[in-house]
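> I need the structure of the sequence given here:
(2 chains)
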There are 2 protein chains.
Amino acid sequence: MTSERWDSPEDAERAFYLAFEAGDLEAMMAVWDETADVCCIHPMGQALCGPDAVREGWREILASGQRLQFSAEPALRQIGTELAVSVVREHIRVVGQDKTSPPMVATNVYRRTTGGWRMTLHHVSPAVVAMGNGMEDKPASRYLH
Amino acid sequence: MTSERWDSPEDAERAFYLAFEAGDLEAMMAVWDETADVCCIHPMGQALCGPDAVREGWREILASGQRLQFSAEPALRQIGTELAVSVVREHIRVVGQDKTSPPMVATNVYRRTTGGWRMTLHHVSPAVVAMGNGMEDKPASRYLH
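Now for the predicted structure:
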């Protein structure tokens, strides 16, 4: 794991989605900065914080064996000296199925370490509500904002 | 708006939740860095990117007139030279109601500007599913991860 090195947040993000598509837990965790404070929020999920909780969450998700193909469309990218943030619209296809899945939106945060850029946060949620068409009242009343 | 200044991400975050509780659109937008790339993702919502989309989203949310009280429990805080990230567990109460609301989890990103720290990203989602109890299969199959 520690032999992996990504010299940009974009490289680390590419490795994250490739590991996810491969269903490879060790490749996934190699992208994460397990030495730092990390959190992962899966769809409709609670914040899993700390390396052990993040790893266990991915172990459970990847254990489904469901093979996914991601098309990650960048929506926002901010790169600082130590931290980088990207927001991506995820278009996901289940391999072997034609059905389209609900689009997801993910916020990914990366930290520059002595070993290159590593992920410290992945927050993903279903993007089902289009603002400006009145539908936002539904989640607003269901979820308070 | 431009007279406001927050010297730490924590101060900007406090101002964000106070503006939300007050239902004050101008106070809310004063916290945001409207000169930069910004995105806001409301619960189950699409990524609203750009100052105009962010402002319109908040205008619609705050127009409900529903008064909320937030208790924001920090889960992760990372502060860099230009960017700061915080993950908070939001416990929300509707003023005048006893009903508890589903807990939410929010990722907030702030950028250091010449005018102090400003919000550039708010991504919030319902924290309904506890990992490790088997329930995560439901969203995993509904939302693919």
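> Isn't A:Ser101 up against A:Glu90?
No: counting by C-beta atoms under 8 Å, A:Ser101 stays clear of A:Glu90, with 9.1 Å between them. No exception for glycine: its C-beta is placed from N, CA and C like everyone else's.
> Who has more neighbours out of those two?
The residue with the greater number of neighbours, taking A:Ser101 and A:Glu90 and applying other C-beta atoms under 10 Å in any protein chain shown, is A:Glu90; the counts read 23 against 17.
> which residues does the closest residue to that one other than its chain neighbours bridge with?
Counting by C-beta to C-beta, 6 or more residues apart in numbering or on different chains, A:Met104 is the residue found nearest to A:Glu90 once chain neighbours are left out, at 4.1 Å. Note on A:Met104: beta-bridge partners by DSSP bridges are A:Glu90, A:Pro126.
> where do the helices sit along chain A?
Secondary structure of chain A (DSSP state H): helices located at A:9-22, A:25-31, A:51-62, A:137-143.
> Could I get the contacting residues of the residue most central in space within chain A?
In chain A, the C-alpha closest to the average C-alpha coordinate belongs to A:His122, at a distance of 4.0 Å (C-alpha atoms, centre = their mean). The contact partners of A:His122, by C-beta atoms under 8 Å, 6 or more residues apart in numbering or on different chains, come to A:16, A:40-41, A:106-109.
> same thing but 6 Å
A:His122 makes contacts with A:40, A:108, as judged by C-beta atoms under 6 Å, 6 or more residues apart in numbering or on different chains.
> what do you get for A:Val95?
The contact partners of A:Val95, by C-beta under 6 Å, 6+ apart, come to A:67, A:69.
> could you measure it against chain B, distance?
For A:Val95, the distance to chain B under the criterion C-beta to the nearest C-beta, to the nearest Å works out to 11 Å.
> Surely A:Leu25 touches A:Leu62?
Yes: using C-beta atoms under 6 Å, A:Leu25 and A:Leu62 qualify as a contacting pair, with a distance of 5.3 Å.
> Among those two, which residue is more densely surrounded?
For A:Leu25 against A:Leu62, the residue with the higher neighbour count under other C-beta under 10 Å is A:Leu62, and the figures read 20 against 15.
> If I look at A:Arg142, what pLDDT would I see?
At A:Arg142, the predicted lDDT confidence score is 47.
> do the same with A:Glu21
We have a pLDDT of 96 for A:Glu21.
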